[in-house]
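[1] From the sequence below, what's the structure:
(chains A and B)
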Amino acid sequence: MSTTDFSLAELMICAASEAWREDGEVLASGIGVIPRLAASLAMLTSNPNLLMTDSEAYMVAEPVPLGARKGYEPKRDSWMGFSRIFDNVWGGKRHALVGPTQIDRYGQANISCIGDYAKPKAQMLGVRGFPGNSISHANSFCVPSHNRRVFVEGEVDMVASVGYNPARLARGWSLDDIDIRLIITDLCVLDFQGPQRQMRIRSLHPGVTAAQVQDNTGFELHVPDACPTTAAPTAEQLQLIQRLDPHNLRALQLKDNPPGQR
Amino acid sequence: MDKQMSTDGIVGQLRDGMTIGIGGWGPRRKPMALVREILRSDLKELTVVAYGGADVGMLCAAGKIKKLVFAFVSLDFIPLEPYFRKARQEAALEVMEIDEGMLLLGLRAAAMNVPFIPTAVGLGTDVLRHNRQIKLIASPYADGKDWVAMPALKLDAALVHVDRADARGVCQISGPDHYMDDLFVRAATHSYVTCDELVDSEYFHQDSAHAHQVFWERNLTTAVAHVPGGAHPSSCAPLYGFDVAHFKAYNATVQAADGWEGYVRDYVDCTHEQYLEKVGGLAAIRELPLPIF
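    Have a look, this model is predicted:
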């Protein structure tokens, strides 16, 4: 049963939760409010075999609700400190959903800095775990504001995350060693299933046109003849999201918390 | 055996130009009392290796860092560290920016006394373009691939903060995560530890659960300083969380023309006892709530 009363953030959470549907028993890491809720929702619906952490140092048997817990105790399965996270990452049994600042046509992504590397216009976090994640396991991206500053015309300013760029492959490596799945934005869902791994519009959010997405993207997208509309959240999904996010942090993630139906 | 030393005694062991690893992670369990001691010292031109938080930010603000080896610098709930950001945007320091896992492997290689560890991490990224000293090697085996040879990150000194230690340098980290502190210690020629509580060795003997929370051997601990609240304003779970209000105020100082000088006047140019008083006292620190993620 679908409903017409949902926010764009909730639509993005549901669309992003699809990223893990076929993954089997992997660690689902959603970094940030929308990604974490998406992973949590996937674990409660489309893929109960997923593993998650408490975002601190333990694996948990069920997703931990966001924010103050009012007596809720995480169901801790096992220790998972940062050093062990890398053992998991390098083993490949993980699928992360992260929020880069820039993404290019190859799916290369940047959270390090903007501008000249020697003297950046804007220093951000640093590459963090992006290089290791991107060469080791599946990755998806979440973009809260789809525009040409994010989807840049050339390559991203600092390639923190490898993409489908043949020019950067090391000897013996192939593009098959890289696995970028979905990009969920406030306008649409993208993937790399166009010709020769071209970035493709997978679905358009309600009320968004392909032209609008292309206008806000710095490179040419593959636009299928018929773009499906991103599925609206079901009442069950919305209920679960409310349970996972009792303090409604999701309402603070997109400017003015717009509705999902435009 | 008594390895106790004062924090100024420890910093007196450090030299200009040294490579210094700092334990902890972002705003968590940083040896901040030692960092403040370095801020008060004449030390300069340091190479700092860290999963960075305000430790790196403050050392940047004071111009102590010649080169930074890092994967991120962040206060987590304040994503962008103000003084690290300023230093980078003013091109005030050299950087070796690598993946979090590469940093781990570099420390591990140093700990293992091998020159490098092969890994796929970094392939295809600008980490290799901006760090020409990191080489690729051809596998000698049948895979026929090139791999990143992550070089050892050998440290002259490691600085870490732990919950408890005894005078021999047996150190307990009872919080949920010891981060890479054990690797920092193993990668270093000398390791200097501050502890929130100094305990009698009996403490470890009476409960093997305590011994289970010791992540390196005492012969790797060079010296121990008893500094209650020594991680503040970073956290030392389970004893205390990080000081959100203090970090917010620290973050705001970057906006003022003499903001850093003001912070130094308020919180650095003083003894640790005075510092504790200024931030509300040890009892108040111990009441700081643990973060909820």
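
[2] which residues in the chain form helices?
    Using chain A. A:8-17, A:33-44, A:82-91, A:130-136, A:210-215, A:235-244 (DSSP state H).

[3] Actually, chain B is the one I wanted.
    Taking DSSP H as the test, the helices found in chain B are B:7-11, B:32-40, B:54-61, B:82-89, B:100-112, B:126-130, B:181-187, B:202-205, B:208-211, B:244-253, B:259-263, B:272-278, B:282-286.

[4] out of those, deepest packed?
    helix B:54-61 (a mean of 27; mean count of other Cβ atoms under 10 Å in any protein chain shown). (C-beta placed from N, C-alpha, C; glycine too.)

[5] Contacts for that helix, please.
    The contact list for helix B:54-61 (Cβ atoms under 8 Å, 6 or more residues apart in numbering or on different chains) reads B:22, B:24, B:27, B:30-32, B:35-36, B:38-39, B:46, B:48, B:50, B:65, B:68, B:70, B:73, B:75, B:81-84, B:86-87, B:92-93, B:233-234, B:247, B:250, B:260, B:263, B:268.

[6] what subset of the residues you listed is also close to chain A?
    B:F70, B:V73, B:F84 (Cβ under 8 Å from any Cβ of the partner chain).

[7] got the contact list for the last one?
    To tie it back to what came earlier, the one meant is B:F84. For B:F84, the contacting residues are A:Q123, B:G52, B:V56, B:G57, B:C60, B:L68, B:V73, by Cβ under 8 Å, 6+ apart.

[8] what's around the first one, how many residues?
    The burial metric for A:Q123, expressed as a neighbour count using other Cβ atoms under 10 Å in any protein chain shown, is 22.

[9] Could you tell me which residues of the stretch 101-250 of chain B lie near chain A?
    Residues of the stretch 101-250 of chain B lying near chain A (Cβ under 8 Å from any Cβ): B:101-102, B:104, B:119-127, B:129-130, B:136, B:138-139, B:143-147, B:176-180, B:183.

[10] For the stretch 51-200 of chain B, give me the ranges with low pLDDT.
    Across the stretch 51-200 of chain B, no stretch falls below the confidence threshold (pLDDT under 70).

[11] Hmm, B:D146 and B:S139 touching each other?
    Yes: shown here, B:S139 and B:D146 form a contact pair, counting by Cβ atoms under 8 Å, at 7.3 Å.

[12] intersection of neighbour lists for these two?
    The contact lists of B:S139 and B:D146 share A:G172, where a contact means Cβ under 8 Å, 6+ apart.

[13] Which of those two has more residues huddled nearby?
    B:D146 (19 against 13).

[14] The more buried one contacts B:L136, correct?
    Yes: using Cβ under 8 Å, B:D146 is in contact with B:L136, at 4.5 Å.

[15] got any residues that touch both of the two?
    Common neighbours of B:D146 and B:L136 (Cβ under 8 Å, 6+ apart) are A:A170, A:R171.

[16] the residue most distant from the middle of chain B, which is it?
    B:A142 (39.6 Å; Cα atoms, centre = their mean).

[17] Quick check: the gap between it and A:G172.
    Per Cβ to Cβ, to the nearest Å, B:A142 is found 11 Å from A:G172.

[18] nearest residue to B:K86 other than its sequence neighbours?
    Nearest in space to B:K86, with sequence neighbours left out and distances taken as Cβ to Cβ, 6 or more residues apart in numbering or on different chains, is B:V254 at 6.2 Å.
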